[in-house]
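> Predicted model and sequence follow; I will ask about them next.
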Amino acid sequence: QKEVEQNSGPLSVPEGAIASLNCTYSDRVSQSFFWYRQYSGKSPELIMSIYSNGDKEDGRFTAQLNKASQYVSLLIRDSQPSDSATYLCAVDTGRRALTFGSGTRLQVQP
Amino acid sequence: DARVTQTPRHKVTEMGQEVTMRCQPILGHNTVFWYRQTMMQGLELLAYFRNRAPLDDSGMPKDRFSAEMPDATLATLKIQPSEPRDSAVYFCASGSNRDIMNTEAFFGQGTRLTVV
């Protein structure tokens, strides 16, 4: 079992819709969770961090964490074509090094 | 300008040659990560330093790879000898930690390595 799992996609949503990206992790002691966005040919860019159960909102982005279910998600409201990218989930597994999922490719259709 | 700086941005080398990649972390950050990204494997952790001390290099092939932090402003990743399977994008990231949790890590622009 991979430490951090994501559906590779592509996830295709129409412009203006809500995109929902999901991530599960295997290590129960994980404490820090991050979402990165990576455009093709570019480096990962941090967009959200979450440390406590519940929701955290930042503009059009909402991160949701459920430690009991070992599940973290990212919602993107009012999706724009510029949101088309690969979204990487990263988890602090307790070794205090970030482990990344393989990423979900999001396509927002104009 | 707070960003992680990596050099070189691109490197093409012949199999068997030594390759050295450099990273300047964001000033004040005490944690440095080296990752390798390929289409097949995604982002793999190679090495991880805190306060210049190596904490985890279990993801790194020890026979040919080495990572060091000569000082707080410089991290290096060296491959000797290089092989075609080392072709990938190598990212350095830096961050800091508070108490028991890591805070956010910020990535450099990467070094695209091609070994022919």
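Happy to help now that I have it.

> looking at chain A, which helix or strand is least sure?
Taking mean pLDDT, DSSP states H and E as the measure, the helix or strand of chain A with the lowest value is strand A:98-100, at a mean of 89.

> Name every strand pairing with the helix or strand just after that one and say which way it goes.
Note on strand A:98-100: by DSSP states H and E, the next helix or strand toward the C-terminus is strand A:104-109. According to DSSP bridges, strand A:104-109 forms sheet pairs with strand A:11-14 (parallel), strand A:85-92 (antiparallel).

> out of those, which comes closest to residue A:110?
strand A:11-14 (8.3 Å; CB to CB). For every residue, glycine as well, the C-beta is placed using N, CA and C.

> Are there helices or strands packed against the helix or strand just after that closest one, and which ones?
The helix or strand immediately downstream of strand A:11-14 is strand A:19-25, counting by DSSP H and E. The contact analysis (3 or more CB pairs under 8 Å, 6 or more residues apart in numbering or on different chains; DSSP states H and E) places strand A:19-25 against strand A:4-5, strand A:11-14, strand A:32-38, strand A:71-76, strand A:85-92, strand A:104-109.

> Put together CSV for those, with distance to residue B:39 on each row.
Converted to CSV, these look like this (distance: least, CB to CB, whole Å):
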stretch, distance to residue B:39
strand A:4-5, 18
strand A:11-14, 18
strand A:32-38, 13
strand A:71-76, 22
strand A:85-92, 11
strand A:104-109, 12
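
> count of neighbours near residue B:27?
9 (other CB atoms under 10 Å in any protein chain shown).

> And what about it, helix, strand or coil?
coil (DSSP: H, G, I helix; E, B strand; the rest coil).

> Now it: closest residue in space, sequence neighbours ignored.
residue B:2 (7.0 Å; CB to CB, 6 or more residues apart in numbering or on different chains).

> wait, is that neighbour part of a strand?
No. According to three-state DSSP, residue B:2 belongs to no strand; its state is coil.

> picking that back up, next one: the least confident helix or strand of chain A to chain centre, how far?
The gap between where strand A:98-100 is centred and where its chain is centred comes out at 12 Å by CA atoms, centre = their mean, to the nearest Å.

> ok, now stretch B:82-91?
12 Å.

> hang on, the earlier thing: please report how far the residue nearest to residue B:27 lies from residue B:25.
10 Å (CB to CB, to the nearest Å).
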